[in-house]
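[1] Sequence first, predicted model second:
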Amino acid sequence: MSGNPLLKPKKNTLESISNVFFVIALVLTVGYFSLAVIAVRQKQGQYKDLYRRGMITKQDFEYRMEDTTYLRMMLHPQDIIPFEKYFGSR
């Protein structure tokens, strides 16, 4: 005889709220990392284009490509979103 699903004990309200906040935080984190990946690839594409056109040297190109790592973009979000453009200078 299997248990009736309607008779299962209800979840604690605090636990439910906690789960909702966890899911929201997870979605925001994944979105932020996705934004950083897109920004890094866009920047690297710009640098490749400049190098192909001969506007920057190979050494400068390698330095810039190294400078646009994912970790650096995570730690410096102003490189992803130009805050001054949207919010003005502080």
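    Received, thanks.
[2] Who are the packing partners of the longest helix along the chain?
    As assigned by DSSP state H, the longest helix anywhere in the chain is helix 13-53. Counting contacts by 3 or more Cβ pairs under 8 Å, 6 or more residues apart in numbering; DSSP states H and E, helix 13-53 packs against helix 58-67, helix 70-75. All C-beta atoms are positioned from the backbone trio N, CA, C, and that covers glycine.
[3] so where's this protein uncertain?
    Residue ranges of the chain with pLDDT under 70: 1-9, 11, 70-90.
[4] burial count for the residue lying closest to Tyr47 once chain neighbours are set aside?
    Leaving aside its sequence neighbours, Tyr47 sits nearest to Arg64 (Cβ to Cβ, 6 or more residues apart in numbering; 4.7 Å). Using other Cβ atoms under 10 Å, Arg64 has 17 neighbouring residues.
[5] swap in Phe33?
    Phe33, neighbours per other Cβ under 10 Å, totals 13.
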